[in-house]
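Trainee: Sequence first, then the predicted structure:
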Amino acid sequence: MAEAFTGLDLIRDVDVSLTVELGRAKLPLARVLELAEDAVVPLERQVDELFDVMVNGKLIARGEVVADGNRFALRIVELATDNRMAERA
């Protein structure tokens, strides 16, 4: 007998691209070409702001970076269904 799939079961194993965006900067090409080691590029995000978590380019959550042993990890703080996220966007 064939296994019955429901809802998202059919696509649970599909790989997607998860991106955590630290921030953005808009620079003229001339400035980009001048970048060198130790250059500092100011980003449009404040130090205490949460990071954007995107799947295939779509914002799904916001989170904060935490240390997990000797690696970085991400703690999800707000999900896209959270009304607070809509207010910040």
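Mentor: The structure has been received and is ready for your questions. Residues are numbered from 1 along each chain as shown.

Trainee: In this protein, where is pLDDT below threshold?
Mentor: Along the chain, the model assigns pLDDT under 70 to residues 1-5, 82-89.

Trainee: pull the longest strand from this protein.
Mentor: Taking DSSP state E as the criterion, the chain has its longest strand at strand 58-68.

Trainee: Give me the sheet partners of that one and which way each runs.
Mentor: If you go by DSSP bridges, strand 58-68 pairs up with strand 51-55 (antiparallel), strand 71-79 (antiparallel).

Trainee: Contacts only, for Met54.
Mentor: Contacts of Met54 were listed using C-beta atoms under 8 Å, 6 or more residues apart in numbering, and they are 18-21, 60. The C-beta positions use only the backbone N, C-alpha and C, and glycine is treated the same way.

Trainee: again, 10 Å this time
Mentor: Residues counted as contacts of Met54 (C-beta atoms under 10 Å, 6 or more residues apart in numbering) are 16-21, 60-61, 80.

Trainee: quick one: which of these is nearest to Leu50?
Mentor: Ala61 (8.9 Å; C-beta to C-beta).

Trainee: in the sheet, who's paired with the nearest residue to that closest one once chain neighbours are set aside?
Mentor: Distances taken as C-beta to C-beta, 6 or more residues apart in numbering place Val53 nearest to Ala61, at 4.2 Å, with adjacent residues excluded. Beta bridges link Val53 to Val20, Ala61 when assigned by DSSP bridges.
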